[in-house]
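**Q** Mind looking at a prediction? Sequence and model below.
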Amino acid sequence: MRVPSLFACLPGLSPQSLFQSTDKPHSLWGFPEKPLPPPPPSVEVLPSKDAQSDKYAAEPVNLQGGLTLLKSRVNTMDVFGVPYLDLVPGKYEGGLKLWESSLDLVNTLKREIQDGQLSFRGKRVLELGCGNGLPGIFACLKGASTVHFQDFNAEVLRCLTIPNVYVNLQNARDRLGRHCDGPVTPTRTTTLSPDVHFYAGDWGDMQTLLSVVGEDQIDASDINLNFSEDDLFLDRSLSHNSSGANQETQVDSSHGQQITRTRKLSGSRACERASDMDPSEGGYDIILMTETVYSLVSMRKLYGLIKKCLRPPYGVVYLAAKKHSFCGGGGGTRQFRSIVEEDGILGAHLVVEVAESSNIREIWKFFYK
């Protein structure tokens, strides 16, 4: 007796349905999944007095080069009443977890500053999907004039981001007052009082609250950027890979990691000139993101928001995430890069690759061509 095929037993199922478009969410077997609830309205979340209280408890996170930042400890059960999960689609987007990529990004930003490829001084910075907010906090400590933090959940901002930002800034001010060494970049006008704001909501309509680029800025920035060899700040001792980029590999045997860094002309040094722009103009000089590209469905909304918010012609985006996401959304850094390349407006450069077991984490830099 011939056994009927699986496709004959399940009406509507075909081999093609297993690989259909990701424009609409489907399960493994091709049937539509339960639609997600509508996203929460986009709102600005205002700090409360409790967020700035000296009673707030935080624990140190030690980074490379002796740098230490602080994070808090809260969990999904306390805040959302759900088990300890990384993601609950439509309800909780992973903001309470301290992702390893967040630490990768802070370490990379520090390295970029040391190499002369990046400066936060006087810059307008946006961290998308901020969670703990460590990269944005690092920008505050390095002299950014404005730092805006965005997360899907207002609860994450209230319970985690806002307290974390204020305790870090206060600790840095205390160190500055005692003239101690620390992660603060000293200048004549260092006050550590950046303009910080916090926004919650979906990337699809966050442009109603965030600073966006005006049409006149886009028209005025239609420039062909040309750079000379002097712009590279190259270390001649590094080897060159096939793309012409300088590359070095470091093995951390204690953590089983292999870290590959590349340094290549990417337009990011022009970010030094961004401070000469009119501060009244909209948009951000630097956009930071950690583990925001886990879902193909939301990825295009994210990229659309970036294009509205990144200041031309010198704005840069740093993305830290897994090469291939395991959260079930089919995303990853390479999928996001494909979307960017398909659009043709931004260029891309792989800055760091961290190989830990089979889980590869990457940091990409995107910039106007």
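**A** Nice, I can see it. Numbering: from 1, shown residues only.

**Q** In the helix or strand where F367 lies, which residues are buried?
**A** Using DSSP states H and E, F367 maps to strand 359-368. Neighbour-count burial for strand 359-368 flags 360-368 (criterion: 16 or more other CB atoms under 10 Å). Placement of C-beta: from N, CA and C, glycine included.

**Q** how much space between the nearest residue in space to R300 that is not next to it in sequence and V351?
**A** The shortest distance from R300 to any non-neighbouring residue, by CB to CB, 6 or more residues apart in numbering, is to I339 (6.4 Å). In this view, I339 and V351 are 19 Å apart by CB to CB, to the nearest Å.

**Q** Neighbour count for those two, which is higher?
**A** V351 (26 against 15; other CB atoms under 10 Å).

**Q** For the more buried one, report the pLDDT, please.
**A** For V351, the model assigns a pLDDT of 96.

**Q** ok, the closest residue to S42 other than its chain neighbours - contacts?
**A** In space, S42 comes closest to G201 once its chain neighbours are excluded; the distance is 2.9 Å by CB to CB, 6+ apart. Residues near G201 by CB atoms under 8 Å, 6 or more residues apart in numbering: 39-43, 150, 152, 209.

**Q** just R173 next, same as before
**A** Residues counted as contacts of R173 (CB under 8 Å, 6+ apart) are L192.

**Q** Now the host helix or strand of it: buried residues?
**A** R173 is located in helix 162-177, with elements delineated by DSSP H and E. Across helix 162-177, burial judged by 16+ other CB under 10 Å covers 162-169, 171-172, 175-176.

**Q** Redo those as CSV? Include distance to G331 and pLDDT.
**A** What follows is those, written out as CSV (distance: CB to CB, whole Å; pLDDT from 0 to 100):
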residue, distance to G331, pLDDT
I162, 28, 92
P163, 29, 87
N164, 26, 87
V165, 27, 90
Y166, 32, 89
V167, 32, 85
N168, 29, 86
L169, 33, 89
N171, 35, 83
A172, 34, 86
R175, 39, 82
L176, 40, 80
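
**Q** Need those in TSV (columns: distance to P135).
**A** Listed next are the buried residues of helix 162-177 as TSV, based on distance: CB to CB, whole Å:
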residue	distance to P135
I162	16
P163	17
N164	12
V165	12
Y166	17
V167	16
N168	12
L169	15
N171	17
A172	15
R175	20
L176	21
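
**Q** and which of these is nearest K301?
**A** Lowest distance from K301 to those (CB to CB) belongs to I162, with 24.4 Å.

**Q** any idea how far A154 is from the closest one?
**A** 10 Å.

**Q** what do those two both touch?
**A** The overlap between the contact sets of I162 and A154 (CB under 8 Å, 6+ apart) consists of V45.

**Q** Do a quick rundown of the helices in the stretch 101-250 of the chain.
**A** Here the stretch 101-250 of the chain has its helices, by DSSP state H, counting those that start in this stretch, at 134-141, 154-156, 162-177, 215-220.

**Q** In a markdown table, list these along with distance to K301.
**A** Below are these laid out as a markdown table (distance: least, CB to CB, whole Å):
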| stretch | distance to K301 |
| --- | --- |
| helix 134-141 | 20 |
| helix 154-156 | 18 |
| helix 162-177 | 24 |
| helix 215-220 | 20 |
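
**Q** Check whether R337 sits in a helix, strand or coil.
**A** Recorded secondary structure, R337: helix (DSSP: H, G, I helix; E, B strand; the rest coil).

**Q** My error: substitute K307 in the last question.
**A** Going by three-state DSSP: K307 is helix.
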